[in-house]
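Trainee: predicted coordinates and the sequence they were generated for:
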Amino acid sequence: NITLKYGAERIGKRTDQPMQDWRNYGLGQFIHWGVYAIPGGHWNGKYYAGAAEWIRSWEGMPNEAYDNLYKEFNPKNFNANAWAKQAKELGAKYVIITTKHHDGFCLWPSEYTDYTIANTPYKKDIIGALVEAYDKQGIDVYLYFSIIDWNHFGYKSKLVTDKDRTDYEVFKEFTRNQLIELLTRYPETKGLWFDGTWDAAWKEQASYVYDLDKELREMIPGLIIGSRFRPDDYGNRHFDANGNMMGDYEQGWERKMPNTIEEVHGNDWDCVMTIPENQWGYHSDWRGHVKTSNELIEMLVKAVALDGNFVLNFGPDGLGTIRKEETKLAKQVGEWMKVNSTAIYNCGYLDWEKQDWGYFTTNRITQEKYMVVFNQPISGVYTVKTKKGVSIEKAYLLDNPGLELSIEKTYNNEFLIQYNPENHPEEPFVMVIETNKDQNNSDNQYLQPK
Ligand SMILES: C[C@@H]1N[C@@H](C(=O)NCc2ccccc2)[C@H](O)[C@@H]1O
């Protein structure tokens, strides 16, 4: 073990209520919105092949042109309540909203820079409107904040000269001021989702970030911050020099997912996912693969089955409209959630052997167990290998509890559930299974001591 002053503050999961609530969300919504939505991945009639929110870094976009775009930002179709209502129908339990992306443009009227919504034709506080709207829908609000800030003179990716260092000190105080300002203006905030912390300059700031982390957490008790914020004494992020995770959950799964529980290392984690291959901000010409609702549902279920949360990204356009492809997917996923969210909310990993037909999830409160089916076996036989001494006593469809499914027990304690759906559901479905160990099993209620 290496002695660290700024390493992991805790070993193992946080057990307080705000973190348990976070752990039980299952599904979240990411919103990437800002000035980059105006060009939408094009400039001067040319197509930008990168991620739309990075267009300022493209040689086809002169910095001076980009840095004046905010003077046109006037999203006349923006309706915070409509966005929050759509998120509710999607079934999202929390939302992560970009307050400031790498370009440094602030969607709130920050007093620490002029590069904010207050100095656009729109003028009004976008973050305030969204926090209020999502709160009204009962959706917890988390704020995305980019440490990278291409607009601030003091931001540096690496510190070479003395001037870099003195400028960077100004940038560090600016960053601290903006974060305190955000938590002061929006005390409903449940957590901060930091991004853009991979620079060498930031990785040298272990003690400053440690102190800032502590200061922010003291402002809002229970505040949740992931592993993409603090560097340890040696500049490691996510995991310190002893391999212990820093922060409250692992934030490394961006557009990718773990495949096994071993890769999760017993930590909480989120997967943040784009609908196209790699576009977070609005791009008017999505190229490559656009995920279907069934692909997104399988990612969501896989995340929950491996004890994580799945956060689906939406990139509204320059006028504040959520594009039709995203609206359609939100509706499709939401319809599936209306029927099947019992296997998602408050659910997590069940340590039974993964089977080809799909994923197990279990409710952390009731211990109820679910089989979420994506691959119907031609045989109609669903194999379940339980733990020693655990037998399956009942199996039925979540959306048709009256239809009990037949169960065969093999000699080596495997259970074969038979189900040949007449209607071959064209979408994933859920089976509920009851075991001899379940409190909620009707027979057991009489067997348990009074
Ligand atoms: C959540 C996304 N993160 C931003 C990004 O720059 N990702 C690229 C990246 C992803 C992982 C490690 C380093 C860099 C994207 O612009 C989105 O905001």
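Mentor: Arrived safely, thanks for sending. If you're wondering where the values come from, they're calculated on a predicted model, not measured in any experiment.
Trainee: what are the contacting residues of the longest helix anywhere in the chain?
Mentor: Secondary structure of the chain per DSSP state H: the longest helix is helix 162-185. Helix 162-185 is contacted by residues 99-100, 106, 108, 110-113, 127-128, 143, 145, 147, 149, 152-156, 158-159, 189, 192, 201, 205, 208, 212, 215-216, 219-220, 223 when judged by Cβ atoms under 8 Å, 6 or more residues apart in numbering. C-beta here means a position set from N, CA and C on the backbone, and glycine is covered the same way.
Trainee: restricted to strands, list these.
Mentor: 99-100, 143, 145, 192 (DSSP state E).
Trainee: which of these tops the neighbour count?
Mentor: Lys100 (29 neighbours; other Cβ atoms under 10 Å).
Trainee: contact partners for the spatially closest residue to it that is not a sequence neighbour?
Mentor: The spatially closest residue to Lys100, leaving aside those adjacent along the chain, is Cys106, at 5.0 Å (Cβ to Cβ, 6 or more residues apart in numbering). Neighbouring residues of Cys106 by Cβ under 8 Å, 6+ apart: 99-100, 113, 115-117, 178.
Trainee: let me know the closest of these to the ligand.
Mentor: Nearest to the ligand among those is Lys100, at 10.9 Å by Cβ to the nearest ligand atom.
Trainee: for the ligand, what are the nearby residues on this protein?
Mentor: Counting by Cβ under 6 Å from any ligand atom, the chain comes close to the ligand at 32, 51, 53, 195, 198, 254, 272, 280.
Trainee: identify the farthest-apart pair in the residues you listed.
Mentor: Farthest pair in the residues of the chain next to the ligand (Cβ to Cβ) is His32 and Trp198. Separation: 18.0 Å.
Trainee: residues near the residue of the stretch 201-350 of the chain at minimum distance from the ligand, how many?
Mentor: Using Cβ to the nearest ligand atom, Trp280 is the residue of the stretch 201-350 of the chain that sits closest to the ligand, at 4.1 Å. When neighbours are defined as other Cβ under 10 Å, Trp280 has 27 of them.
Trainee: can you name the residues that contact it?
Mentor: Shown in contact with Trp280 (Cβ under 8 Å, 6+ apart): 30, 32, 51-53, 274, 313, 315.
Trainee: go again using 6 Å as the cut-off
Mentor: Contact analysis of Trp280 by Cβ atoms under 6 Å, 6 or more residues apart in numbering lists 32, 51, 53, 313.
Trainee: and if you look at Trp286?
Mentor: With the criterion set at Cβ under 6 Å, 6+ apart, Trp286 makes contact with Pro276.
Trainee: how much space between it and Gly315?
Mentor: According to Cβ to Cβ, to the nearest Å, Trp286 stands 10 Å off from Gly315.
Trainee: please apply the same query to Ala51.
Mentor: Ala51 sits 10 Å away from Gly315, going by Cβ to Cβ.
Trainee: repeat that for Val339.
Mentor: From Val339 across to Gly315, the span is 28 Å (Cβ to Cβ).
Trainee: same question for Lys163.
Mentor: As judged by Cβ to Cβ, Lys163 and Gly315 stand 37 Å apart.
Trainee: those two: which is more packed in?
Mentor: For Lys163 versus Gly315, the count of surrounding residues by other Cβ under 10 Å is larger for Gly315: 28 against 10.
Trainee: pLDDT score for that one?
Mentor: Looking at Gly315, its pLDDT stands at 98.
Trainee: what does Pro421 give?
Mentor: 74.
Trainee: where do the helices sit along this structure?
Mentor: 17-23, 63-66, 80-90, 126-136, 162-185, 200-203, 206-219, 293-305, 324-340, 442-447.
Trainee: chain center to the second one: distance?
Mentor: Going back to what we said before, that points to helix 63-66. Centroid displacement of helix 63-66 relative to its chain, using Cα atoms, centre = their mean, to the nearest Å, is 31 Å.
Trainee: counting by contacts, list what that helix packs against.
Mentor: Counting contacts by 3 or more Cβ pairs under 6 Å, 6 or more residues apart in numbering; DSSP states H and E, helix 63-66 is packed against no other helix or strand.
Trainee: closest residue of the stretch 1-150 of the chain to the ligand?
Mentor: The ligand sits closest to Glu53 of the stretch 1-150 of the chain, with a gap of 4.7 Å, by Cβ to the nearest ligand atom.
Trainee: quick one, what contacts that residue?
Mentor: Glu53 neighbours (Cβ under 6 Å, 6+ apart): 32, 36, 101, 280-281.
Trainee: among the contacts of Trp280, who's most crowded?
Mentor: Neighbour-wise, those (other Cβ under 10 Å) top out at Glu53, 25 neighbours.
Trainee: distance of the residue nearest to it when sequence neighbours are not counted relative to Trp33?
Mentor: Nearest residue to Glu53 in three dimensions, chain neighbours excluded: Gly281, at 3.3 Å (Cβ to Cβ, 6+ apart). Distance, Gly281 to Trp33, by Cβ to Cβ: 7 Å.
Trainee: per-residue confidence at Ile97?
Mentor: pLDDT, Ile97: 98.
Trainee: likewise for Gln448?
Mentor: We have a pLDDT of 44 for Gln448.
Trainee: cool, Asp438 as well?
Mentor: pLDDT for Asp438: 83.
Trainee: can you check Trp43 too?
Mentor: pLDDT for Trp43: 98.
Trainee: what's opposite the residue at minimal distance from the centre of the chain in the beta bridge?
Mentor: The centroid of the chain falls nearest to Val311 when counting by Cα atoms, centre = their mean (3.1 Å). Counting by DSSP bridges, Val311 forms beta bridges with Gly28, Val272.
Trainee: now do the longest helix of the chain, average pLDDT.
Mentor: Mean per-residue pLDDT for helix 162-185: 99.
Trainee: keeping just the C-alphas, turn that helix into PDB.
Mentor: In PDB, the C-alpha atoms belonging to helix 162-185 read as follows (Å, rounded to 0.1, in the frame of the first residue of the first chain):
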ATOM      1  CA  ASP A 162       5.700  30.400 -15.100                       C
ATOM      2  CA  LYS A 163       3.000  32.500 -16.900                       C
ATOM      3  CA  ASP A 164       1.000  29.300 -17.500                       C
ATOM      4  CA  ARG A 165       1.200  28.600 -13.800                       C
ATOM      5  CA  THR A 166       0.100  32.100 -12.700                       C
ATOM      6  CA  ASP A 167      -2.700  32.200 -15.300                       C
ATOM      7  CA  TYR A 168      -3.800  28.700 -14.100                       C
ATOM      8  CA  GLU A 169      -4.100  29.900 -10.500                       C
ATOM      9  CA  VAL A 170      -6.600  32.500 -11.700                       C
ATOM     10  CA  PHE A 171      -8.400  29.700 -13.600                       C
ATOM     11  CA  LYS A 172      -8.500  27.500 -10.500                       C
ATOM     12  CA  GLU A 173     -10.200  30.300  -8.500                       C
ATOM     13  CA  PHE A 174     -12.600  31.000 -11.400                       C
ATOM     14  CA  THR A 175     -13.500  27.200 -11.500                       C
ATOM     15  CA  ARG A 176     -14.100  27.200  -7.700                       C
ATOM     16  CA  ASN A 177     -16.200  30.300  -7.900                       C
ATOM     17  CA  GLN A 178     -18.400  28.900 -10.600                       C
ATOM     18  CA  LEU A 179     -19.000  25.700  -8.800                       C
ATOM     19  CA  ILE A 180     -19.900  27.400  -5.500                       C
ATOM     20  CA  GLU A 181     -22.100  29.800  -7.600                       C
ATOM     21  CA  LEU A 182     -23.900  26.800  -9.100                       C
ATOM     22  CA  LEU A 183     -24.600  25.000  -5.800                       C
ATOM     23  CA  THR A 184     -25.600  28.300  -4.300                       C
ATOM     24  CA  ARG A 185     -28.100  29.100  -7.100                       C
END
